[in-house]
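K.L.:
test case, fold it:
(chains A and B)
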There are 2 protein chains.
Amino acid sequence: MTVEANGRTADFDIDPMFLDRWSPRAFSGEAMPHELLMSLFEAARWAPSAFNGQPWRFVYAHAGTTDWDRLMEVLIPYNQAWVKHASVLMFVISDRFRRSEGREPEPLYSHSFDTGAAWACLALQAHRAGWAAHGMSGFDLARAHEVLGVPEAEYRVEAAIAVGRPVDAAILDEPYRSREKPSSRKPVSSFAFEGAFRV
Amino acid sequence: MTVEANGRTADFDIDPMFLDRWSPRAFSGEAMPHELLMSLFEAARWAPSAFNGQPWRFVYAHAGTTDWDRLMEVLIPYNQAWVKHASVLMFVISDRFRRSEGREPEPLYSHSFDTGAAWACLALQAHRAGWAAHGMSGFDLARAHEVLGVPEAEYRVEAAIAVGRPVDAAILDEPYRSREKPSSRKPVSSFAFEGAFRV
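P.N.:
Residues are numbered from 1 along each chain as shown, chains lettered A, B, ... in the order given. I've put the predicted structure just below:
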């Protein structure tokens, strides 16, 4: 059974939210209510993680604040040019260590992976609320650690995330306007294999 | 507004699926229909990733097959003892490189993070279908690469995942039976910070 939504076609029967969620760049720029922003983190909160270690952290800023200006300058210019339309800019960070009371911290193998799971929950909750979260790897990593105050030996800045309420692509300049549509994907057969890995 | 579900309380208004999804160990052991298994990968397929690179891969085996026996022996005994109740055992793997036609592969900063996002989508879709996916870091990493045929220089085995249909905890022996309940989480205030990172 196929499922169609958002100009995308799924080859197998899934909840349409996975097709409906996407990463727009055209946002309204309106102020994001505190409770709504917290609900995004709340969804991330309940993600699964190894040893229930919850290694994810977030640093955020609302548009129009001095924190926003500081965080914006970590992005590459290509992203600054459209993130200016967003309501909240955040960075998602992982804790490289497993920390338990009364024990020496140990390297945590799954810190990035677990934090990616939390990010997916945040993005889906944003979508459920009629907003959207757009992840970015286009930022200056060294500057991110410095500006956010994240000690690199212990924590890893994983991604930047712009959050906003989607509006019509017409507000965007090129080349962003032409790119304002949901992306496609490789088929399941190209990445899921029975019994043994295939390159 | 708080949301209660599955013995958990969310401090902010989220879709209850994030509370309802959890990681049980008591499974029916019934055969998992092919289309249903594919729908889990389909949900993973639509996860966001840097450059839409989709660096996730999965290797899976159905219970009762010779592949199942091979994959099971990669797990630590603690996990083997309950995964025997599952219907499908899989490993999720990330591609360490960004590969584009006509270009040399480049290290991909977000390969584990992006693959964690795909894993969260898979787990949520399993839940939506009335099944459950339980992630594990308790496996022999070197053996996983060897048994699955995953070249370690290019790909990283991120986690093992047991998939099954949840049943009453009574089928489990101790210590698993007493542990068969949804885990709690740290509050949002402990991991989401405005403006600057806090340890």
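
K.L.:
longest strand in chain A, please.
P.N.:
strand A:155-164 (DSSP state E).

K.L.:
which elements pack onto the next helix or strand after it?
P.N.:
Heading C-terminal from strand A:155-164, the first helix or strand you meet, by DSSP states H and E, is strand A:192-194. Strand A:192-194 sits against strand B:56-62, with contacts defined as 3 or more CB pairs under 8 Å, 6 or more residues apart in numbering or on different chains; DSSP states H and E. All C-beta atoms are positioned from the backbone trio N, CA, C, and that covers glycine.

K.L.:
so what touches the strand it packs on?
P.N.:
A:191-197, B:31-32, B:37, B:41, B:44, B:47, B:49, B:67-68, B:70-71, B:87-95, B:114-115, B:118-119, B:148, B:150, B:155 (CB atoms under 8 Å, 6 or more residues apart in numbering or on different chains).

K.L.:
and residue A:25, which of the three is it?
P.N.:
The three-state assignment at residue A:25 reads coil, by DSSP: H, G, I helix; E, B strand; the rest coil.

K.L.:
list the contacts for the closest residue to it other than its chain neighbours?
P.N.:
Nearest residue to residue A:25 in three dimensions, chain neighbours excluded: residue A:82, at 4.2 Å (CB to CB, 6 or more residues apart in numbering or on different chains). Residue A:82 sits next to A:25-26, A:162, A:172, A:176 when contact means CB under 8 Å, 6+ apart.

K.L.:
scan those and report the most crowded one.
P.N.:
Top of those by neighbour number is residue A:162, holding 25 neighbours under the definition other CB atoms under 10 Å in any protein chain shown.

K.L.:
of the contacts of strand B:56-62, which belong to strands?
P.N.:
Those of the contacts of strand B:56-62 lying in strands (DSSP E): A:192-194, B:88-95, B:155.

K.L.:
heading C-terminal from the longest helix along chain A, find the next helix or strand.
P.N.:
Counting by DSSP state H, the longest helix found in chain A is helix A:111-128. Using DSSP H and E, the helix or strand that follows helix A:111-128 towards the C-terminus is strand A:132-136.

K.L.:
the nearest residue to residue A:108 once chain neighbours are set aside pairs with what?
P.N.:
By the measure of CB to CB, 6+ apart, the closest residue to residue A:108 outside its immediate chain neighbours is residue A:98, 4.3 Å from it. Under the criterion DSSP bridges, residue A:98 forms beta bridges with residue A:106.

K.L.:
hmm, residue A:98 is touching residue A:53, no?
P.N.:
Yes - if you go by CB atoms under 8 Å, residue A:98 and residue A:53 touch, sitting 5.6 Å apart.

K.L.:
spit out the residues that contact the two alike.
P.N.:
Common neighbours of residue A:98 and residue A:53 (CB under 8 Å, 6+ apart) are residue A:108.

K.L.:
among the contacts of residue A:82, which two are most distant?
P.N.:
Greatest spatial distance among the contacts of residue A:82 (CB to CB): A:162 and A:172, at 13.0 Å.

K.L.:
overlap in contacts, the two.
P.N.:
With CB under 8 Å, 6+ apart, residue A:162 and residue A:172 have common neighbours A:25, A:82.

K.L.:
now render the contacts of residue A:82 as CSV, adding pLDDT.
P.N.:
Shown next, in CSV, are the contacts of residue A:82 (pLDDT from 0 to 100):
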residue, pLDDT
A:25, 98
A:26, 98
A:162, 98
A:172, 97
A:176, 97
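
K.L.:
now, which of these sits nearest chain B?
P.N.:
Set against chain B, the nearest of the contacts of residue A:82 by CB to the nearest CB is residue A:162 (12.2 Å).

K.L.:
distance check, the closest one against residue B:27.
P.N.:
In this view, residue A:162 and residue B:27 are 39 Å apart by CB to CB, to the nearest Å.

K.L.:
so what's the residue of chain A found nearest chain B up against?
P.N.:
Taking CB to the nearest CB as the measure, chain A has residue A:116 as its residue closest to chain B, at 2.5 Å. Residues near residue A:116 by CB under 8 Å, 6+ apart: A:158, B:110, B:112-120.

K.L.:
how does it look with 7 Å?
P.N.:
Residues near residue A:116 by CB atoms under 7 Å, 6 or more residues apart in numbering or on different chains: B:112-117.

K.L.:
for the closest residue to residue A:7 other than its chain neighbours, grab the count of nearby residues.
P.N.:
Closest residue to residue A:7 apart from its sequence neighbours, by CB to CB, 6+ apart: residue A:182 at 5.5 Å. The local packing of residue A:182 (other CB under 10 Å) involves 16 other residues.

K.L.:
okay, and for chain A, where does confidence drop off?
P.N.:
Along chain A, segments meeting pLDDT under 70 are nowhere present.

K.L.:
so which residue is dead centre in it?
P.N.:
Centroid-nearest residue in chain A, with CA atoms, centre = their mean: residue A:135, separated by 3.9 Å.

K.L.:
hey, what's it bridged with?
P.N.:
Residue A:135 has the following beta-bridge partners by DSSP bridges: residue A:161.

K.L.:
in chain A, which residue sits furthest out from the middle?
P.N.:
Residue of chain A lying farthest from the centroid, by CA atoms, centre = their mean: residue A:102 (33.1 Å).

K.L.:
phi, psi for that residue please.
P.N.:
Residue A:102 adopts backbone torsions of phi 80, psi 10, taken as degrees, to the nearest 10.

K.L.:
residues contacting residue A:1?
P.N.:
residue A:13.

K.L.:
do the same with residue A:47
P.N.:
A:117-118, A:121, B:120.

K.L.:
residue A:70 too?
P.N.:
Here residue A:70 is in contact with residue A:147 (CB under 7 Å, 6+ apart).

K.L.:
and for the one 5 residues further on?
P.N.:
Contact partners of residue A:75, counting by CB under 7 Å, 6+ apart, are A:83, A:136, A:138-139, A:160.

K.L.:
residues near residue A:140, how many?
P.N.:
When neighbours are defined as other CB under 10 Å, residue A:140 has 14 of them.

K.L.:
wait, isn't it in contact with residue A:72?
P.N.:
No - between residue A:140 and residue A:72 there is no contact under CB atoms under 7 Å: 11.6 Å.
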